[in-house]
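Peer 1: here's my sequence, what's the structure:
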Amino acid sequence: MKNLKKYATGKNVIISLVATYSVYAIMILITIPNLTNYSDVLTILDLKPSGYTQEYVINLFQNLGENGRAYYLHYQLPIDFLYPLFFAISGFLTLFYFISKLKLSQSFWKWLNYLPIIAGIADYLENFGIIQLLASFPKINEAMVMTTSCFSIVKSAATTLYFLSLITLLIMTLVRRYNRS
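Peer 2: Next up is the predicted model:
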């Protein structure tokens, strides 16, 4: 951890956040809306924080049609393979930066650094599951759906906990600055 402190600078945090949210913006502004146009307003699997069922996956993939499934596979998922890496790095650096600045040495705070890494790994596993489901369509294996759905839930939970942790650290930083002045 001490070796990582040299990378958790304000400049590196900002650069990593810009890279992460540039990729995120492409997904939110371009690929996800385009994919949603194919899906007849059904939410894509990546955006289902509480998971999904085999029936939902079948309905979504049928609504997407051949062109929509191809778009999912060839446009949305390749970009979504960049995002988890960027999110994990920027999230780790950001939390590490604030934890270091606040001099929070308790192990609880240090473990928070791993939330974006857990989210990133779960996102990759979710993506591999979605690829498998798309490849096997119309034969959708229920165990594969359940497994992929679990990764979606883990990704969402870890991401939510990351942002709650970040908000808490930001508030702590602001309170500390206010108390100094």
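Peer 1: helices and strands of this protein: which one has the lowest mean pLDDT?
Peer 2: Ranked by mean pLDDT, DSSP states H and E, the helix or strand of the chain with the weakest confidence is helix 107-112, at a mean of 84.
Peer 1: pull up the distance across stretch 110-118, start to finish.
Peer 2: Using CA to CA, to the nearest Å, the end-to-end distance of stretch 110-118 comes to 14 Å.
Peer 1: same question for stretch 92-109.
Peer 2: Start-to-end, stretch 92-109 (CA to CA) is 12 Å.
Peer 1: which parts of it are buried?
Peer 2: Buried residues in stretch 92-109, defined by neighbour count with 16 or more other CB atoms under 10 Å: Phe92, Leu93, Thr94, Leu95, Phe96, Tyr97, Phe98, Ile99, Ser100, Trp109. (Glycine included, C-beta is placed from N, CA and C.)
Peer 1: now tabulate the residues you listed in a markdown table and tack on distance to Leu169.
Peer 2: As requested, the buried residues of stretch 92-109 are arranged in a markdown table below (distance: CB to CB, whole Å):
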| residue | distance to Leu169 |
| --- | --- |
| Phe92 | 13 |
| Leu93 | 13 |
| Thr94 | 9 |
| Leu95 | 7 |
| Phe96 | 10 |
| Tyr97 | 9 |
| Phe98 | 4 |
| Ile99 | 7 |
| Ser100 | 11 |
| Trp109 | 8 |
